[in-house]
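J.: This is a predicted model, with the sequence first.
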Amino acid sequence: MTVFAQMVLAFGSVCVLLGLMAVVKRMAGTYGLSAEIQRKLVHIGTGMYALTLPWLFPDRWPVYVLVGVTLIVMLALRLPRIALGGLGSTLHGVDRQSYGDILLAIAVGLCLFLSEDQLVLYVLPIALLTLADAAAALAGTTYGRRFFRVEDGQKSLEGCVVFFAVALLLSMGCLMAMTTYLPSNIILLSLMVAGFGTLVEAVSWRGFDNL
């Protein structure tokens with residue numbers, strides 16, 4: 001793939017993100033989706049697209065360009081008029097302050113950079129960030145009954161249990177598919193990843209668990 005084609009794909013990816021937000025905003029108006037569900041739909045869509053980046057781009061640098069442009073767009077969406085009534089409402093319609101959108105983009109860039117040639121070190125954390133985090137948030141807001149305080153609000157034990165379960169399954173699946181580790185090592189590593197991830201998610205606030 002030529003340099004020009006990769007640049008076009010990088011900027012096109014930002015358009016895909018904005019298009020996703022527009023679709024979610026339209027769905028919210030049609031089906032009455034809550035602000036939390038809108039935010040998580042964008043979160044899941046963005047994360048799932050991020051999982052394809054190592055295969056979409058032959059080189060790494062266009063992904064870093066994409067991350068930089070995305071950060072600029074995320075900051076623009078925080079402008080009051082856009083955040084309240086425009087596309088930014090799909091991210092900032094919740095009653096709490098969060099930097100999760102910005103930290104998600106940073107996490108994608110950092111994971112890609114640190115993983116080097118070991119794709120499992122990119123795919124696994126982004127999969128956890130995308131699916132386990134969203135599942136925990138939706139379970140906690142829908143079924144949460146036992147809450148505990150964090151620095152800026154509260155979280156539920158039910159959400160933590162869901163995070164651990166989803167993280168455990170994702171870890172085992174990624175390690176089985178992308179490594180040659182022994183089954184006993186995969187189980188042990190998956191328990192460690194799920195346990196540590198659950199602790200981080202439980203004590204984080206304002207979206208810092210994304211990072």
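T.: In hand now; what should we look at? Just so we're clear, the structure is a prediction, and the values are computed from it rather than from any experiment.

J.: sec struct for the closest residue to Gly109 other than its chain neighbours, please.
T.: Sequence neighbours aside, Val67 is the residue nearest to Gly109 in space, at 3.9 Å (criterion: CB to CB, 6 or more residues apart in numbering). Glycine gets a C-beta too; all of them are placed from N, C-alpha and C. Each residue gets one of three states, and Val67 gets helix by DSSP: H, G, I helix; E, B strand; the rest coil.

J.: Contacts only, for Val67.
T.: Ala105, Ile106, Val108, Gly109 (CB atoms under 8 Å, 6 or more residues apart in numbering).

J.: In helices, which of those residues fall?
T.: Ala105, Ile106, Val108, Gly109 (DSSP state H).

J.: Run a quick neighbour tally on the last one.
T.: Right, Gly109. 19 (other CB atoms under 10 Å).

J.: Verify the stated contact: it with Tyr64.
T.: Yes - assessed by CB atoms under 8 Å, Gly109 is found in contact with Tyr64 at 5.8 Å.

J.: hey, where'd the helices end up in the chain?
T.: Counting by DSSP H, the helices of the chain are 3-31, 35-51, 53-56, 61-76, 80-85, 89-92, 100-115, 120-127, 133-143, 157-178, 183-203.

J.: how does this structure divide up, domain by domain?
T.: According to automatic domain parsing, the chain comprises the domains 1-115, 116-211.

J.: Redo these as CSV? Include mean pLDDT.
T.: Below are these laid out as CSV (pLDDT from 0 to 100):
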stretch, mean pLDDT
domain 1-115, 85
domain 116-211, 90
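
J.: can you pick the most crowded of the contacts of Val67?
T.: Busiest of these [other CB under 10 Å] is Val108, holding 26 neighbours.

J.: contacting residues for that residue?
T.: Ala50, Leu53, Val63, Val67, Ile126.

J.: ok, it to Leu170 distance?
T.: Applying CB to CB, to the nearest Å, the value for Val108 to Leu170 is 17 Å.

J.: how close does the closest residue to Ala50 other than its chain neighbours sit to Leu53?
T.: Nearest non-adjacent residue to Ala50, counting by CB to CB, 6+ apart: Val108, 4.8 Å away. Val108 sits 7 Å away from Leu53, going by CB to CB.

J.: now Lys25
T.: 24 Å.

J.: again with Ala132
T.: With CB to CB as the criterion, Ala132 and Leu53 are 19 Å apart.

J.: Which residue of those two possesses the greater neighbour count?
T.: Ala132 (26 against 21).

J.: The nearest residue to Leu170 once chain neighbours are set aside: neighbour count?
T.: Leaving aside its sequence neighbours, Leu170 sits nearest to Ala127 (CB to CB, 6+ apart; 5.0 Å). Neighbour count for Ala127, taken as other CB under 10 Å: 20.

J.: Could you pull up the residues touching the spatially closest residue to Leu41 that is not a sequence neighbour?
T.: Nearest residue to Leu41, sequence neighbours excluded (CB to CB, 6+ apart): Val24, at 5.0 Å. By CB under 8 Å, 6+ apart, Val24 lies in contact with Leu33, Gln38, Leu41, Val42, Gly45, Thr90.

J.: Would you show me how to pick out the buried ones of these in ChimeraX?
T.: Buried residues within the contacts of Val24, by 16 or more other CB atoms under 10 Å, are selected in ChimeraX with:
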select :33,38,41,42,45,90
